[in-house]
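**Q** My questions concern the predicted model and sequence given below.
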Amino acid sequence: MRVLIAEQDHVEYQCLLQVAAPQLELVTGEGAALAEQAASCPIWLGEPDRFADLLRAGHKPAWLQSTWAGITPLLADDLPRDYLLTRAVGVFGQIMAEYVLCHMLAHERELVARQQAQREQRWDGRLPGSLAGRRVLIVGTGEIGAAVARFLQPFNVVLSGVASTARSLAPFSEVAALGELPRLVAQADYVVNLLPNTPATRDIYDAALLARFQPSAVLINAGRGTAVVDEDLVAALASGQLAAAVIDVCREEPLPAGHPFWAARNLTLTGHSAAPTLPHLLVELFLANLQCYRAGAELQGLVDFARGY
């Protein structure tokens, strides 16, 4: 069975698959060479943006396994949808939790201010805060959001969540519908956005919602850049409507020179590094899905094109 790999780390994927599944015929390349091979490969593995061009050129797989959790480039109106598309699931929970926890602890311990004090040779003896008792709102309680919540639980935080519809879900004390977001952000010390990019989730962090934040609250956006109205966030930080923001994802990446985020007050940019794909975990997912594909069973992370995820 021929598998087309289109990945920045394609060499590592090839090495891992050659060991784990030597019966597979692995094909890779760049540009025109990749397009030449696409027609003879029923299975594609790789990054959505690389495959969007192939689909636009008239090529199409039977099944495409994305190495990203997000599959936005493949949802363009001019691209076909009559094939199986699976996104990366079950591989980002811990690394996303590490990212969120890193920035929450850095805020409580005021690491940026202490580094500045060190540069100024000024002793900073302020007492730090603690996560114990902090109210954490996770907006997007899917597979990644639920994993983040489980990792945060031992720190004695109070966990609430927002999903498309209200539901009961451990370890959250409450998971409310998206319409309840204004009520819940007003109660939160940390708001962690992990929502996918859909029409319902675009521009939700606008001036009206940011005005509901506590002045001591922190927004962490590791979901999609389209969820935040950039100018409104910069203005809210400048006026002290919230204490800080950590932005991993932006509407335009790389962020262009002159964008207001570069100089925004108390805003930290992390360059879409929150939860990189770990090839060995993705290969495990791909091989498990390959077994299901051959057996005609349901695939993990199967995308519903109508919902967009």
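**A** It's in. Numbering: from 1, shown residues only.

**Q** Residue 158 touches residue 138, doesn't it?
**A** No - look at residue 158 against residue 138 with CB atoms under 8 Å: they stay out of range, at 11.5 Å. C-beta here means a position set from N, CA and C on the backbone, and glycine is covered the same way.

**Q** So between the two, which is more surrounded?
**A** In this view residue 158 and residue 138 are compared by other CB atoms under 10 Å, and residue 138 has more residues nearby, 28 against 16.

**Q** Just the pLDDT for that one.
**A** Note for residue 138: predicted pLDDT of 98.

**Q** do residue 32 as well
**A** Residue 32 is given a pLDDT of 84.

**Q** can you count the residues close to it?
**A** Neighbours of residue 32 (other CB under 10 Å): 8.

**Q** now swap in residue 209 and tell me
**A** Residue 209 is flanked by 20 other residues according to other CB under 10 Å.

**Q** can you start the count at 13 instead of 1 from here on
**A** I'll keep to 13 as the first residue from here, and by that count the last item is residue 221.

**Q** Give the buried residues for the helix or strand where it lies.
**A** In the assignment (DSSP states H and E), residue 221 maps to helix 219-222. For helix 219-222, burial by neighbour count (16 or more other CB atoms under 10 Å) applies to 221-222.

**Q** The following helix or strand past it - which strands sit beside it in the sheet, and in what orientation?
**A** Reading on from helix 219-222 to the C-terminus, the next helix or strand found by DSSP H and E is strand 230-233. Applying DSSP bridges to the sheet, strand 230-233 is found paired with strand 202-205 (parallel), strand 256-259 (parallel).

**Q** Work out the gap between the first one and the centre of the chain.
**A** On the basis of CA atoms, centre = their mean, to the nearest Å, strand 202-205 is displaced by 13 Å from the centre of the chain it belongs to.

**Q** before we move on, what about stretch 241-255?
**A** 22 Å.

**Q** what do you get for stretch 27-47?
**A** On CA atoms, centre = their mean, the centre of stretch 27-47 falls 26 Å from the chain's centre.

**Q** Could you do stretch 86-93 as well?
**A** That offset, for stretch 86-93, works out to 21 Å (CA atoms, centre = their mean).

**Q** try stretch 257-268
**A** Computed by CA atoms, centre = their mean, the separation of stretch 257-268 from the middle of its chain amounts to 12 Å.
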